[in-house]
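Novice: need a structure here:
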Amino acid sequence: MSQQATPEYGADQIQILEGLEAVRKRPGMYIGTTSIRGLHHLVYEIVDNAVDEALAGFCSHIITTINPDNSITVEDDGRGIPTGINSKAGIPAVEVVFTVLHAGGKFGGGGYKVSGGLHGVGASVVNALSVWLEVEICREGKVFKQRYERGKTMYPLKEIGTCDPEKTGTKVTFLPDPLIFEETVFDFDTLKVRLRETAFLTKNLRITLRDEREEEAKERTFHYEGGIKEFVTYLNKGKTALYPEVIYCEGTKDNVYVEVAMQHNDAYNDSTFSFVNNIITPEGGMHVAGFRGALTRTFNAYARDNKILKENDEPLSGDDIREGLTAIISIKIEEPQFEGQTKQKLGNTEARGAVDSIVSEQLTYFLEQNPTVAKIICEKAILAQRAREAARKARDMTRRKSPLEGNSLPGKLADCSDTNPENCEIFIVEGDSAGGSAKTARNRNTQAILPLRGKILNVEKAREDKIYENAEIKAMITCFGTGIHEEFDITKLKYHKIIIMTDADVDGAHIATLMLTFLYRFMPELIRQGYVYLATPPLYKLEKNKKVWYAYSDEELNRILVEVGRDSNNKIQRYKGLGEMDAEQLWETTMDPAKRILKRVTIDDLEASEIDATFSTLMGDKVEPRREFIEENAKYVQNLDI
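Specialist: Numbers count the residues shown, from 1 in each chain. This next block holds a predicted model:
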C-alpha cells in the first residue's frame, strides 16, 4: 500500500530530539540485548528505514548483503537520505540521521506517514554500535559519501562522483563492534526469515539477501505480488486448506489502513499473527481484538441466519471459529501507541474500530457470495464446540487438587518434598527403566520424576478432547498444575524447571519433539518465561586406568583422547539410552545441578510465524513440505543414528 507522504522530503523534514552518547554505555536500552538477537536487530533497523521508503511509495528493491568480513550492506532505490543542511543542526541532514539519537523522517517532520523501526532509534544507534559505518547516497545526479567510526564523523559529507539523475537511493555498510556484541557473525537463516516476512507484508517490494562469505555466494530474493495472501498460503504449506481461496479484507477507516488475510486448515491451532507498520505484535492488542470481535459476530450471525445454528443452540465461541485458522492482520497507522518499550501490544483504540468495521463488512459479503466455504467453516466450528465441551469435562478430571480435596496426582509421579516452586524441578523421563534410575538418583527434596511410557500423542494432529484421553499428556497437565489454553495460570506452576530427559538417539529426539510440540501449542508461556529445559545426557563414557571421563559430543571425546592419549587401555562406551547408566552415573552426568548441562528452550517472538510453520511442517500430516525441510537442513545433522 502506498501512503501519501509529504512530497517535500528535504533536510528540514528530519527532526532532532536528543544526543547519542548514552547508546554505547547502555546498548540494551536501545536494541534490547547485545546477544546474537541484538546483532541482527541492527540489520532490521537499516532495512526498516528502506521499507519506510517503500511504504511511502518510493522504493521497489532492497538488497541486503553479508560481506566476507561480516559487515552488512543495505542498498535501496528510494529517494536517498537528504543531503542538504538541516537548519536546526547546521550540518547535512544525513549526518543528523546517523549521529543524533531520535532523528529521522519518522518523528513528525512530515517525511513519512507511517513507519516501523522497532524502537524508533534506527540509523544513529546502528552507527554508535559499529566499528565503522559508511553511507553513500545517490540524489540529484550526484553521489555523496560519509564515514563514521563508533558514531564519530570521520569527515564532512563529500561528493564522490555523479550518477544518472534518474537514479536515487541509499547504501549503508556497517561492521558491528565486537566490544559491544557477544557474537558478531551473522546468521543467513535468521535474516532470511525476517526479510521474507517483510516482503510478504509489503506487497510488490522485492528484497534480495546475499551472503558473500563463502566461495560460492548464496542469494535469495523475496517478492510477493499477493502480499499477505501469499503469506497465509506459505504458513499453511504443511497443512491441508479446507477451501481453495484465501479470504482477504482491505480498507481504510479513521486513518488506519487495514489488511487481513485468512484461511482455515485441517489442524486445530489458531495461528493468527498481527503486525503494525510491518512490526510483529506478539501480544496482539486493539487490532487483534477488533479482528476477533468481527469474526465471532459475523460467523454467528451467518450461522443463525442460515439455520446452521438452531435457535436454542449455544453461540459459537471465538475459539471454535478460530480452530485451524491461519490469519495475518496487518495495519498501517500514523502514530502507533505501544504498551511496553518493545512494541509487543498495540494500544490505539481506533485500530480496533477500523479492523472490526472492515472485516465485518467484507467478511459478511464474502460468506454470502461463497455459501459452500461458509458452511465448511461453520461446520468445523460446531465440531470444535462439541469437542470443547468434551474437553471441559475431561479437564475437570485433570485438575490438580489441593491436599484437602485428596491427592489426584498420577501414581507414577515421584514428587519432591519441597513445596516452594522456585526450588523445585520435574524431570519428564522416557521409559520406566530410566525412570527407575532417576527416582533412585534424584535429590528427593527438590527433584520430582515423571516417567512416560512410550511416545506421547502428536498434538499437532489432535483436537483438545482427544488430548485429555492420552494418559501421558494428562499426567503432565496434572503435575504442572497450570491448566492449559484459556485456563492456563502461570502462578499455579508447581516446578520452576521442567526438564525433558530423553535418550540421546533418534527416538529420544522424537519424544522430546513431541513434548515440545505439546508445550508450544498448549502452554507456550512456560517456554516464553524460561521454565522449560532439555537435559543433556553424555554421549560417551571413557575409562582408562580406573579413571572415568564423560563426553557430551564427538569434539569433547576427541579433546579428552588427546589429553589422555589414544592407546589400547581406553575403554569407550557410546551411550544409546538413559537406561544404560546406573543411578550414580545418571546423577553425576545429567541430574546433579553442580555438574549437569541443561539447555533452556526459548521462543523468539519476532520469529513467531516461522516457528509456527516449522512445527506444522515437522509434525503435520503433509509429507512433501517435511521432505523439503529435511533436504534443506540435512547438512546441519550431527550424531546421525542409522
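Novice: flag every buried residue along stretch 68-83.
Specialist: 71-83 (16 or more other CB atoms under 10 Å). Quick note: C-beta positions are derived from backbone N, CA and C, even for glycine.
Novice: how close does Val131 sit to His40?
Specialist: 17 Å (CB to CB, to the nearest Å).
Novice: ok, the two, which is more surrounded?
Specialist: His40 (21 against 16; other CB atoms under 10 Å).
Novice: so who does the more buried one touch?
Specialist: By CB atoms under 8 Å, 6 or more residues apart in numbering, His40 lies in contact with Phe186, Asp187, Thr190, Leu191, Arg194.
Novice: closest to Tyr531 among these?
Specialist: Distance to Tyr531, by CB to CB, is smallest for Thr190 among the contacts of His40, at 24.4 Å.
Novice: so that closest one is in which element?
Specialist: helix 188-201 (DSSP states H and E).
Novice: now do that helix: which elements does it pack against?
Specialist: Applying 3 or more CB pairs under 8 Å, 6 or more residues apart in numbering; DSSP states H and E, one finds that helix 188-201 makes contact with helix 36-55, strand 61-66, strand 206-211, strand 218-223, helix 228-235, strand 325-332, helix 608-619.
Novice: compare these and give me the one nearest Glu486.
Specialist: It is, among these and with distance given as CB to CB, strand 325-332, at 16.0 Å.
Novice: who does the closest one touch, helix- and strand-wise?
Specialist: helix 188-201, helix 228-235, strand 256-264, strand 271-276, helix 286-305, helix 349-369.
Novice: would you mind splitting the chain into its domains for me?
Specialist: 11-223, 228-394, 407-537+586-603, 540-574 (automatic domain parsing).
Novice: could you dump the ones you listed to a markdown table with distance to Glu628?
Specialist: Putting the domains of the chain into a markdown table (distance: least, CB to CB, whole Å) gives the following:
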| stretch | distance to Glu628 |
| --- | --- |
| domain 11-223 | 15 |
| domain 228-394 | 9 |
| domain 407-537+586-603 | 17 |
| domain 540-574 | 28 |
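Novice: out of the buried residues of stretch 68-83, list just those in strands.
Specialist: For these, the ones inside strands are Ile72, Thr73, Val74, Glu75, Asp76, with DSSP state E as the criterion.
Novice: and which of those is nearest Asn569?
Specialist: The closest of those to Asn569 turns out to be Ile72 (CB to CB; 51.6 Å).
Novice: in contact with the residue lying closest to the closest one once chain neighbours are set aside: list those residues for me.
Specialist: Nearest-residue entry for Ile72: Val43, 5.5 Å, with adjacent residues in sequence omitted and distances by CB to CB, 6 or more residues apart in numbering. Applying CB under 8 Å, 6+ apart to Val43 gives the contacts Thr64, Ile72, Val74, Phe186, Leu191, Arg194.
Novice: output the below-cut-off pLDDT ranges for the chain.
Specialist: Along the chain, the parts satisfying pLDDT under 70 run over 1-20, 102-121, 340-343, 395, 397-408, 454, 635-642.
Novice: please identify the deepest-packed of the helices and strands packed on helix 188-201.
Specialist: Per residue and on average, the most neighbours among the helices and strands packed on helix 188-201 fall to strand 325-332, with a mean of 26 (mean count of other CB atoms under 10 Å).
Novice: run the chain-centre distance for that strand.
Specialist: 15 Å (CA atoms, centre = their mean, to the nearest Å).
Novice: and if you look at stretch 495-503?
Specialist: Put simply, stretch 495-503 sits 22 Å off its chain's centre (CA atoms, centre = their mean).
Novice: the helices and strands packed on strand 325-332: which one's closest to Arg600?
Specialist: Short answer: helix 188-201, nearest of the helices and strands packed on strand 325-332 by CB to CB, at 18.4 Å.
Novice: buried residues in the closest one?
Specialist: Buried residues in helix 188-201, defined by neighbour count with 16+ other CB under 10 Å: Thr190, Leu191, Lys192, Val193, Arg194, Leu195, Arg196, Glu197, Thr198, Ala199, Phe200, Leu201.
Novice: who touches the second one in this structure?
Specialist: Think Leu191. His40, Val43, Thr64, Ile66, Leu209.
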